[in-house]
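>>> One predicted model, sequence on top.
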Amino acid sequence: MQGKRHREMIKSQPIDKVKTCKRKSVQAIWQCSALFVLSALLALTINQFRTDRLPLVGDWSVEGRLTTATGEHLDISLAEAEKLFTEKGAVFVDARSREDYENGRIAGARSLPWHNVDQRFIEATEDISSDTTIITYCDGETCNLSHDLAIFLKDMGFSNVRVLVNGWTVWQESHLPFQKGNVSLDEG
């Protein structure tokens, strides 16, 4: 009699373990889901009360990224940039690294690498008046260096700053004047 009860207990143990494991798994999934929902609600609530709210929906296109909070568009077309270049109506500023600048740049462009802007700003801009048109550029459609530099220059008091998106690439592809080599910072 005892042997039979013992065998039945041994047979039921794996079934009990499976049921317990399944119950704990369901409980863990439910708890994780509840934590996720509560975290999302808390984040949305905190964002709602911030003075500088993060937008939940936005325009992440190139044009949208190059629009200031006041709605001003910073981007400039290649045709406009080329016209200003030909008329000597703008100062071109390369936001890429000094090495990239020396490997090739728009003819007459100044080097003001975004990563060294604090050290090089005064030297690169001291002879530019605040109302001069400045065109910043870097390389690649998703490159933000020129945008960041343009915003910085506007914050520093330059009123007419524009961004040539994918500037170095589109300039080269259009066979417009460029330079290579090590030259002075204010060659333009």
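On my side now, so go ahead.
>>> lowest average confidence, helix or strand, in the protein?
Sorting the helices and strands of the chain by mean pLDDT, DSSP states H and E puts helix 62-65 at the bottom, at a mean of 60.
>>> Please pull up the helix or strand immediately following it.
helix 78-86 (DSSP states H and E).
>>> And the average pLDDT for that following helix is what?
What helix 78-86 shows for mean pLDDT is 97.
>>> the domain parsing of the chain - what is it?
Following automatic domain parsing, one finds the domains of the chain at 1-57, 62-179.
>>> Of those, flag the one that's most buried.
When the domains of the chain are scored by mean count of other Cβ atoms under 10 Å, the highest mean neighbour count falls to domain 62-179 (a mean of 17). Yep, even glycine has a C-beta here, placed from its N, CA and C like the rest.
>>> quick revisit: need the least confident one among the domains of the chain, by mean pLDDT.
With a mean of 78, domain 1-57 has the lowest mean pLDDT of these.
>>> out of all of them, which helix in this structure is the longest?
helix 2-49 (DSSP state H).
>>> Check which helices and strands it sits against.
Counting contacts by 3 or more Cβ pairs under 8 Å, 6 or more residues apart in numbering; DSSP states H and E, helix 2-49 packs against no other helix or strand.
>>> Can you tell me the centre-most residue of this structure?
Taking Cα atoms, centre = their mean, the centroid of the chain lies closest to residue 144, which sits 5.2 Å from it.
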